[in-house]
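1. Pasting the sequence and the predicted model now:
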Number of protein chains: 2
Amino acid sequence: MTDPRRGPGTGLSRPTVSRLPGYLRALSSLAGSGTVRVSSAELARLTGASPAVLRRDLAGLGQLGRRGVGYPVATLQQAISQALGLVEDQPVVLVGAGHLGSALAGYAGFEDRGLRLCAVLDADPRLIGQRRGAVVVQSIDELEDTVTAAAARLAILAVPTGAAQSVAERLVAAGIRGLLNFAPVDLAVPAGVTVRAVDLSTELQILAFHQAELRPGPTGAPPSP
Amino acid sequence: MTDPRRGPGTGLSRPTVSRLPGYLRALSSLAGSGTVRVSSAELARLTGASPAVLRRDLAGLGQLGRRGVGYPVATLQQAISQALGLVEDQPVVLVGAGHLGSALAGYAGFEDRGLRLCAVLDADPRLIGQRRGAVVVQSIDELEDTVTAAAARLAILAVPTGAAQSVAERLVAAGIRGLLNFAPVDLAVPAGVTVRAVDLSTELQILAFHQAELRPGPTGAPPSP
DNA sequence: TAGATTGTTAATCGATTAACAATC
DNA sequence: TAGATTGTTAATCGATTAACAATC
C-alpha cells in the first residue's frame, strides 16, 4: 500500500467527488420544480454525465434508487450532502474584500448549498467596517481569532498574488483544511490541506487550445452536428 | 475508430493540455528571474506535477530538451504557447460588467499570457461608457458586431444565471468557440464549442468533502507530516 | 570518461463503457 | 405479466508510474 488516498470508509474516487456538486445542483433545480423522482438517464442528461457513470457514482453512496422506478430526488439530495460533509452548513472565511472578493461575497448561493460565509477579512483599513454580503469586513489581524471562533475549515483566498502564500500559511496554521485560491500562484501547503485553484488565464488558455484544435482538418467537409 | 477526440496532428491528451498553462506560468516566473535552463525535476517541483508526467507532456510538443542538460526556458515557453494557440494574442470578449465582470476585467495578466481583453459588454445602460480594465463597456446589443469585428473565439460569461444560456447562444452564433462560464448553470452548447465552468459552490463543496474525509481515523495517532 | 538528465518503453493503476441480471 | 430501470460485472480505454537506454 503506497498511498491510500481514499478516505476512511467513503470509497469515493476523485472524479466521482468532483461530479457530485453538479448532481446536487441539478437535483435542487428538479426539487424546485416539484419533481420527486428522477431516472439516471434524465439526471445524466441534465448534468452532462453518462448514465452509467451516474449510476456508478450514486451506487457508491448507498442503496438509493429503486430498480424499474428511479431515484427519489429528496433522498438523493440528502445522501450527496452527507457524502460531501454538508449536512450542517460549513463555515467559510473569505480573505480579500477587493473587486473579486466583493463579487464572491455577493454570491447568492451559499446557504442553499450547505455553505455559510462567516467572515470577510482585508488588510486595507479603508474597507474595514463595510458590508460584504451578509457580513462586515474585519481586519486581517483578526484572522486567527476568526477562524478559531467559527471553527472554519474552508477559506477563499482573493488577495493580491504577492500576499497569497503568507495568508495561506496563516489560514492553515489557524485550522483551515481546504483553500480555494483565486491568486495566480501555486500555493505550497502541508499534507492534509487541499488547495483548489481558480485562475482566469489557465482556463482561457485551455479553451484557446480547444478552439485552435478544432480548425477544419485536411478533409474538406466540415463536420455536421 | 469511435470518437477521435484528439486534434489534427497535435497528439495532446486532455490532462496534458490542462497542465500546460501551469508550466507556462512557472516558466514565466523563471524567465523573470533570469533563469535560462531548467530540469524536469525542478519544473515539476514548481508546478506540483511529477517529473515523469512533465517529461512526457513536453515530449509531446517536440524535441525540446537536451539529455544531461535540461530544457531551455525560452524554447519551452515558445513551444507551449504555440501548442495552446497563443503565439498571437487571442482576443477575449467579456460579457457582464457587474462586480464579478469588473474584477475579471481588472485582471492584470491578459497580455502576458497570450490573451487580450478586446471588449466588455453589459445590458445595463448605466454601465455603458464606463471603463473596465483597458476598455469601455459597450451595450450588449453590439455583441454580434463586436465578436465578428474582433474575430474573437473566446468569451467570458459573467452575467446573471437567468441570462447565461441565451447570451451563450448569441455568442456561439456569432463565432465564439470557447466559453468560460461563471454562472452556476450547465450551459447547453452545440458540438465543437467548449465550455469550462467556474462555480464557487462546486469548488467549495469539493473542498468540503476533502476536509471531512481527513478526520482522524479509527487509529488514535494523528498522521505526522 | 563520468555524471546528469532526457525521451521512451513496459507495467501498473484507475476510470469509463457496455452489457445484463436483478428487481421493482 | 411485461416494461422499465437500477446495481454490478467484465471489457475497454487511457493515464500515470517506474525504470532505463540514449545521449549530452
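-> Perfect, I can see it now. Numbers count the residues shown, from 1 in each chain, chains lettered A, B, ... in the order given.
2. can you list the weak-confidence ranges in chain A?
-> Scanning chain A for pLDDT under 70 picks out A:1-10, A:214-225.
3. Can you tell me what sits against the lengthiest strand in chain A?
-> As assigned by DSSP state E, the longest strand anywhere in chain A is strand A:115-122. Contacts with strand A:115-122, where a contact means Cβ atoms under 8 Å, 6 or more residues apart in numbering or on different chains, come from A:86, A:89-98, A:101, A:105, A:110, A:128, A:132-140, A:142-143, A:146, A:150, A:152, A:154, B:201, B:204-205, B:208. Quick note: C-beta positions are derived from backbone N, CA and C, even for glycine.
4. Compute the distance between A:T148 and B:E144, please.
-> Distance of A:T148 to B:E144, given as Cβ to Cβ, to the nearest Å: 53 Å.
5. What is the helix or strand containing A:L100 packed up against?
-> Here A:L100 sits within helix A:99-105, counting by DSSP states H and E. If contacts are counted by 3 or more Cβ pairs under 8 Å, 6 or more residues apart in numbering or on different chains; DSSP states H and E, helix A:99-105 sits against strand A:90-95, strand A:115-122, strand A:131-132, helix B:99-105.
6. rewinding a little: sheet partners, orientation included, of the longest strand of chain A?
-> strand A:90-95 (parallel), strand A:135-139 (parallel) (DSSP bridges).
7. Pull the distance from it to the chain's centre.
-> Computed by Cα atoms, centre = their mean, to the nearest Å, the chain-centroid distance of strand A:115-122 equals 15 Å.
8. Does the longest helix seen in chain A reach DNA strand D?
-> Ordering each helix of chain A by length in residues (DSSP state H) puts helix A:14-32 first. No: legend: contact between helix A:14-32 and DNA strand D by Cβ under 7 Å from any atom of the strand is lacking; minimum distance shown is 11.0 Å.
9. does any part of that helix sit near chain B?
-> Yes: using Cβ under 8 Å from any Cβ of the partner chain, we find that helix A:14-32 touches chain B at A:V17, A:S18, A:L20, A:P21, A:G22, A:L24, A:R25, A:A26.
10. B:I206 is in contact with the second one, correct?
-> Yes: with contact defined as Cβ atoms under 8 Å, A:S18 and B:I206 form a contacting pair (5.8 Å).
11. Run through the residues that contact the residue of chain A found nearest DNA strand C.
-> Residue nearest to DNA strand C within chain A (Cβ to the nearest atom of the strand): A:G68, separated by 2.2 Å. Neighbour list for A:G68: empty [criterion: Cβ under 8 Å, 6+ apart].
12. Surely it is in a strand?
-> No: assessed with DSSP: H, G, I helix; E, B strand; the rest coil, A:G68 is coil; it does not lie in a strand.
13. how about the residues of chain A near DNA strand C?
-> A:13-16, A:50, A:52-53, A:55-56, A:66-69.
14. repeat that for 6 Å
-> Residues of chain A that fall close to DNA strand C, judged by Cβ under 6 Å from any atom of the strand: A:S13, A:R14, A:P15, A:S50, A:A52, A:V53, A:R56, A:R66, A:R67, A:G68, A:V69.
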